[in-house]
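Asks: What follows is a predicted structure for the sequence shown.
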Amino acid sequence: MSRTKVLFLWHMHQPLYRVPGFRRGERMKRFRLPWVFLHSIREYYDMLRIVEEVPGVRVCFNVVPALLEQIQDYTGGEDIRDDFLEVIEKDPDSLTDRDRSFMLRNFFALNYETQIKPYLRFRELYERRGKPFDLDSKVNRFSARDFLDLQVLFLLANFSEVEKERDDFISGLVAKGRDFSVEEKSQLLRKARALIASVIPLLRKLEEEGKLEISTTPFYHPILPLLLDTDVARLSNPYRPLPAQKFSFPEDAREQVKRALDFVERLLGKRPIGMWPAEGAVSEDAVRLMGDLGVKWIATDEGILERSLESGLRSEGFPARELLRPYEFSGVTVFFRDRVLSDKIGFVYQRMNPEEAVRDFLEYLRALHEAYGGEELVVPVILDGENPWPYYPRGGVDFLRRLYSRIAESSFVDFSFFGDVGAEREVLSRVFPGSWIKQDFSTWIGCEEKNRAWEYLVKVRRELEGRMTPEAYSEVLAAEGSDWFWWYGGDHPSLFAREFDEIFRTHLIAAYRLSGLDHPLFLEKCIREEKFVSFRRYPAGPISPVLDGKVTDYFEWLSAGEIDLTQFYGAEEKHVESLLEALFFGYGDDRFYLRIDSRSSFKDLLEEGYGLRFYLCNPRGEFLISVKGHPGLRAELYRRDEGGFSRLAELEACCEKILELAVPTEHIGDDEQELYLVLEREGEAVERYPLSGFFAIPPRSEIEKEDWVL
């Protein structure tokens, strides 16, 4: 009886945070965001050490060349600058107010439950800071001693869990917990730099020992099918608008693949034969291109197989036999990730104790083994190698050790490399174009901001054709990376959205500068508007609710727009449970209606001393709606003039379980509104929705169209 083969692929990836800088006429490298350094000293290092320590483990690390190149930058002794490390290295007494505000904004952008809460002092500083806005006014709450502790705790929270077990100095700092010295901080930084310097040698060592299979991704992590032709997006989702000018540079796609294979071979000594295309994004032309350049196997999501075969592959969550084998297209072996197991590691097991999670994983594999009579089954488990672990206690170290050990000891399942699978391949007649997310490309193209980024890119690429230096071309290739497009639009809020926008445009500006040319001024204009149009329910027509603080009738708000406020804290704040749940809006007669749902009764919030402010901006001006509960409910409308906000009118409102209010359109009009909310208590902002930017409320004329579709 054959054993089931489980194929792990851990995707190690970061975009190019490094941008060219210039100092005294000398070219240098600057890292705008720290995630290469921080993931290297924790997730990447720990995953390698666990593979090393557990006997019998054989897994695939898919390493993105842009990540490896940046690790080399940190360890190669070149003149580099890192905005985060520079602030950490400073003596706390020499920190400027700008440095302190920077730390308060950025050094708490971690998972609260697993990286802040375990450290009593870190939690104390976090609670003193509060929510990440109005930070300039909070700087004076903290002493130089506080900032020194924050420097050390930020590093400790991002430090290897394996080394916290092995290294007495590190475990001693954890036990000490507070009142760190400058010398202790310096020694911790030296150890962190030693960890990042060990990552590439460990990769090479474990591959030579036969414990690792190394695969790769096109160099700067682009969505390969979109580089070939952005019009391919219409095949998987014909309803999304595409950029006015299509991007189609097959030579760039080829360069991204070839450059990746060449780089990994030079660095690690062996040419990869496998590739996880960025985000599992494939098309028939993309598969052919990878095959033409020597790639023997690739992997993507099971949803792509379903769309390619035009057949469902699961019954009540249980996979069909067709999902548990490799396929072939145009001479390239294609593996399809088991979405259930992969997503359980990514999103579910973090909430279970390690023993229970490992048991669940193995029971799933045992059920497959028994259901198919011991046939040779292939189960690819593919996910990011860094993103899940901040959500696990102790960075997932306990879970991974148990998982690897139990598989190695199992009587019915074996580790396998993708390149070693000998099972017969079934030939695919077609490959549906799409990615692991929704089996289309809408995460990277098809909304206003994402399309504008593609238009920036195509303008630069065409204008610089034949005029670029090799260094400039690399900057253009870096701008083709998927991450910049991921963060545009309202579907992935982030505290670092502005930085991602700036880095993308800086790569394009650098392409001109490195070619000795002046860049066009449009590249100075931010693409990121921080305008969110991500509604849970789109407005469908006029409404006329009864303002009684209750949902009097199911239909009274049915045609209103609805925004899920819990989704607009920003990616780094999702551990915090928001007090507000939903915002409803709509027009009726001569009024603009607003409704707020909260986790508890909104009336209770007001009685506890909370208040609410709505800020609106439209062609008529800037407006403020103030809602307070003592003494008694009071809702007032203000308009900004030269002297600040002046009161316009008292508003009709009612509050019980929910808050309902109406604003006469004679004051604010019925054009598009830009709106954000601030929940306050005792005059201090407690929560903001969205965390930055604003919601875009469509004009009445659009809402009342019979064919209203966003």
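Replies: All right, it came through fine.
Asks: Pretty sure Glu674 sits against Ala696.
Replies: Yes: using Cβ atoms under 8 Å, Glu674 is in contact with Ala696, at 6.2 Å. C-betas here are computed from N, CA, C, even on glycine.
Asks: Which stretches in the stretch 1-150 of the chain count as helices?
Replies: In the stretch 1-150 of the chain, the helices defined using DSSP state H, counting those that start in this stretch lie at 35-39, 45-53, 65-75, 83-89, 97-106, 120-129, 144-157.
Asks: Show the secondary-structure elements that the longest one is packed against.
Replies: Okay, so that is helix 144-157. helix 83-89, helix 97-106, helix 120-129, helix 168-176, helix 182-208 (3 or more Cβ pairs under 8 Å, 6 or more residues apart in numbering; DSSP states H and E).
Asks: as a whole number, average confidence for it?
Replies: Helix 144-157 comes out with an average pLDDT of 98.
Asks: what sits up against it?
Replies: Residues outside helix 144-157 that contact it (Cβ atoms under 8 Å, 6 or more residues apart in numbering): 87-88, 92-93, 95, 100, 103, 107, 110, 115-116, 119, 121-122, 125, 142, 170, 173-174, 178-180, 182, 184-185, 188-189, 192.
Asks: Please apply the same query to stretch 310-317.
Replies: Glu302, Leu305, Glu306, Pro319, Ala320, Glu322, Leu323, Val340.
Asks: list the buried ones in that stretch?
Replies: Leu313 (16 or more other Cβ atoms under 10 Å).
Asks: Begin at 38, not 1, for the rest of this chat.
Replies: In the new numbering, first residue 38, that becomes stretch 347-354.
Asks: now it: how far from the chain's centre is it?
Replies: 28 Å (Cα atoms, centre = their mean, to the nearest Å).
Asks: For that stretch, C-alpha coordinates in PDB please.
Replies: In PDB, the C-alpha atoms belonging to stretch 347-354 read as follows (Å, rounded to 0.1, in the frame of the first residue of the first chain):
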ATOM      1  CA  GLU A 347     -15.000  23.000 -15.400                       C
ATOM      2  CA  SER A 348     -15.800  20.700 -12.500                       C
ATOM      3  CA  GLY A 349     -16.100  20.900  -8.800                       C
ATOM      4  CA  LEU A 350     -13.500  19.000  -6.900                       C
ATOM      5  CA  ARG A 351     -14.900  18.800  -3.400                       C
ATOM      6  CA  SER A 352     -18.000  17.300  -1.900                       C
ATOM      7  CA  GLU A 353     -18.700  18.700   1.600                       C
ATOM      8  CA  GLY A 354     -15.100  19.700   1.800                       C
END
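Asks: Skipping its backbone neighbours, what lies nearest His529 in space?
Replies: Nearest residue to His529, sequence neighbours excluded (Cβ to Cβ, 6 or more residues apart in numbering): Trp523, at 6.0 Å.
Asks: Below-threshold pLDDT in the chain: ranges please.
Replies: For the chain, the stretches flagged by pLDDT under 70 are 38, 59-64, 567-571, 605-614, 729, 742-747.
Asks: any idea how it splits into domains?
Replies: Using automatic domain parsing, the domain parsing of the chain gives 41-50+246-464, 485-566, 598-740.
Asks: Is the most far-flung residue of the chain relative to its centre in a helix, a strand, or coil?
Replies: Largest separation from the mean C-alpha position in the chain: Pro668, at 43.6 Å (Cα atoms, centre = their mean). Three-state assignment for Pro668 (DSSP: H, G, I helix; E, B strand; the rest coil): coil.
Asks: Against Glu645, how distant is it?
Replies: Applying Cβ to Cβ, to the nearest Å, the value for Pro668 to Glu645 is 15 Å.
Asks: Repeat that for Leu674.
Replies: Distance, Leu674 to Glu645, by Cβ to Cβ: 24 Å.
Asks: separation between Asp380 and Trp313?
Replies: Taking Cβ to Cβ, one finds Asp380 at 16 Å from Trp313.
Asks: Compare those two (neighbour count), which wins?
Replies: Between Asp380 and Trp313, counted using other Cβ atoms under 10 Å, Trp313 has the larger neighbour count: 28 against 16.
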